[in-house]
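K.L.:
got a predicted structure here, sequence first:
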Amino acid sequence: MFESKRSKLIFGIIFDLIGMASYIIPGIGEFTDIGWAPVAGYLMTKLYPGKAGVAAGIITTIEELVPGLDIIPSFTIMWVYNYFIKKEDPTQVIDVDA
């Protein structure tokens, strides 16, 4: 499900929109982040396995828990980092020990 660049981007945008949805109900919406924060962190680690995914999962969890930071599109930022800044396709990792 989360294998191609395109599917990761689509799901990332959807997850960012879910995180930002707490702004629809001012005041009460921030309480929904208590439930969404660990789910978002877990989904981040599933989208991007490895150390970078774990680090992004922790950052995403914290970002969702802190009031006012939901506007940050952490899933989309991680996608940009993974495919444009890091420029490494995780499906094409070569094992040098073989």
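P.N.:
Yes, it's here. Numbers count the residues shown, from 1 in each chain.

K.L.:
C-alpha only now, for contacts and for neighbours.
P.N.:
OK.

K.L.:
now the residue nearest to the spatial centre of the chain. Nearest residue, chain neighbours left out?
P.N.:
By Cα atoms, centre = their mean, the chain has its centre lying nearest to residue 75, at 3.1 Å. Of all residues not flanking residue 75 in the chain, residue 12 sits nearest, at 4.8 Å (Cα to Cα, 6 or more residues apart in numbering).

K.L.:
so the one you found sits against residue 76, correct?
P.N.:
Yes - in this structure, residue 12 is within contact of residue 76 by Cα atoms under 8 Å, at 5.6 Å.

K.L.:
the two - which one has more neighbours?
P.N.:
Comparing residue 12 with residue 76 by other Cα atoms under 10 Å, the one with more neighbours is residue 12, at 23 against 19.

K.L.:
for the more buried one, grab phi and psi.
P.N.:
Here is the backbone geometry of residue 12 (degrees, to the nearest 10): phi -60, psi -40.

K.L.:
what strand or helix carries residue 61?
P.N.:
helix 51-65 (DSSP states H and E).

K.L.:
repeat for residue 68
P.N.:
Following DSSP H and E, one finds residue 68 outside all helices and strands.

K.L.:
which neighbouring elements make contact with the least confident helix or strand in the chain by mean pLDDT?
P.N.:
One helix or strand of the chain scores below all others by mean pLDDT, DSSP states H and E: helix 29-47, with a mean of 89. Counting contacts by 3 or more Cα pairs under 8 Å, 6 or more residues apart in numbering; DSSP states H and E, helix 29-47 is packed against helix 5-20, helix 51-65.

K.L.:
who's in contact with residue 53?
P.N.:
Residues in contact with residue 53 (Cα atoms under 8 Å, 6 or more residues apart in numbering) are 44, 45, 46, 47.

K.L.:
okay, the nearest residue to the second one once chain neighbours are set aside and residue 74: tell me how far apart.
P.N.:
Spatially, and ignoring its direct neighbours in sequence, residue 45 is nearest to residue 53 (4.7 Å; Cα to Cα, 6+ apart). Residue 53 sits at a distance of 11 Å from residue 74 (criterion: Cα to Cα, to the nearest Å).
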